[in-house]
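Visitor: Pasted the sequence and its predicted model underneath.
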Amino acid sequence: MGYGEITASKALALHFLCGVGLAAGYGIARLGCDLSLVADPARTLRLLLVVEGPVIIGIYGWVRRDREHCSYSKAVARGLLGLPIGALLNAFGAIVLGAPVGLKYWLSTIYWSSLMSLFTFVPAVCVFGTSRTDWQRILAYSKPKEGVDCVISLPAQGAVIGAWLGAWPMPLDWERPWQEWPICVTYGAIAGYSVGMFASAVFVPVLGRKVHVKDD
């Protein structure tokens, strides 16, 4: 198996563990700390980040490319370094698109953008590092060509689309507590990320069969 390939069972296990991490983080927040996104978004997001961060960085470091020149610890270090960089990019994009700026929201924005970095930026950094060829393939092509492309790109795209759709109710004058930033965009991002993980688990074996057919 080449470095760019990943089996369907590994993809399923990877996404299952990521999903368990999210569920565990939310369960700890709700049952262990009596927290919720609506009541205390900043602390809830921080707890999700603390629980899910090691899971995503650890798992995607496991499926890193170029294992001969990149150890597991180096892939983990890349993920840790990529987390704040991705958070800055996500925060900048959110603010440009209308996210509120002010002391009331800055902690929530930091934790939300860090969680989005885990969903979108960190997996690619752990797997590809600074490989320009791999980044160009992920960013330039809408159709993944390898199993690992699906595993990285589909959940990331789902998180971004979900966050964007989740932002729609925010400007409506319903005066609901969940319309506050970044509650509904967080729910949307998690939902989109979950859909993307499911889609990835479906498409990885499909791509694998196509590769085998071409090889034959």
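Guide: Done, it's in. All of these numbers come straight from a predicted model, not from anything done at the bench.
Visitor: Show the contacting residues for the residue most central in space within the chain.
Guide: Closest residue to the average C-alpha location of the chain: F119 at 0.9 Å, with Cα atoms, centre = their mean. Applying Cβ atoms under 8 Å, 6 or more residues apart in numbering to F119 gives the contacts 56, 155-156, 159, 189, 193. Where you see a C-beta, it was placed from the backbone N, CA and C, and this is true even at glycine.
Visitor: so where does it fall, helix or strand?
Guide: Take DSSP states H and E as the rule and F119 turns out to sit in helix 106-120.
Visitor: Now do the helix or strand following that helix: everything it contacts.
Guide: Scanning the chain past helix 106-120 towards its C-terminal end, the next helix or strand to appear is helix 122-128 (assignment: DSSP H and E). Contacts of helix 122-128 from elsewhere in the structure, counted by Cβ under 8 Å, 6+ apart, are 56-57, 60-61, 63-65, 75-76, 78-79, 81-83, 85-86, 134-135, 138, 148, 151-152, 155-156.
Visitor: redo that, cut-off 6 Å
Guide: Residues from elsewhere that reach helix 122-128 (Cβ atoms under 6 Å, 6 or more residues apart in numbering): 56, 60-61, 63-65, 75, 78-79, 82-83, 86, 134, 152.
Visitor: Check stretch 37-48 too.
Guide: Counting by Cβ under 6 Å, 6+ apart, stretch 37-48 makes contact with 25, 29, 35, 107-108, 111-112, 115, 177-178, 183, 186, all of which sit outside it.
Visitor: Tell me the helices and strands packed up against the longest helix anywhere in the chain.
Guide: For the chain, the helix reaching the highest residue count under DSSP state H is reported as helix 183-215. Contacts defined by 3 or more Cβ pairs under 6 Å, 6 or more residues apart in numbering; DSSP states H and E place helix 183-215 against helix 8-27, helix 147-166.
Visitor: hmm, who's touching stretch 151-160?
Guide: In this structure, residues lying in contact with stretch 151-160 by Cβ under 6 Å, 6+ apart are 6, 11, 119-120, 123-124, 138, 144, 189, 192-193, 195-197, 199-200.
Visitor: Could you pick out the one among those residues with the lowest pLDDT?
Guide: pLDDT is lowest at P144 among the contacts of stretch 151-160; the value there is 63.
Visitor: How far off centre is stretch 18-34?
Guide: 16 Å (Cα atoms, centre = their mean, to the nearest Å).
Visitor: With stretch 156-176 instead?
Guide: Using Cα atoms, centre = their mean, we find the averaged C-alpha position of stretch 156-176 to lie 17 Å away from the chain's own average C-alpha position.
Visitor: any idea which of the contacts of stretch 151-160 is closest to T130?
Guide: For T130, the nearest member of the contacts of stretch 151-160 is A124. The distance, counting by Cβ to Cβ, is 10.5 Å.
Visitor: number of nearby residues for the closest one?
Guide: Here the count is done by other Cβ atoms under 10 Å, and A124 has 24 residues near it.
Visitor: Poorly predicted segments of this structure, please.
Guide: Using pLDDT under 70 as the threshold, the predicted model of the chain has low-confidence ranges 1-5, 141-145, 207-216.
Visitor: repeat that for 90
Guide: Residue ranges of the chain with pLDDT under 90: 1-10, 32, 65-70, 97-98, 101-104, 130-150, 171-175, 201-216.
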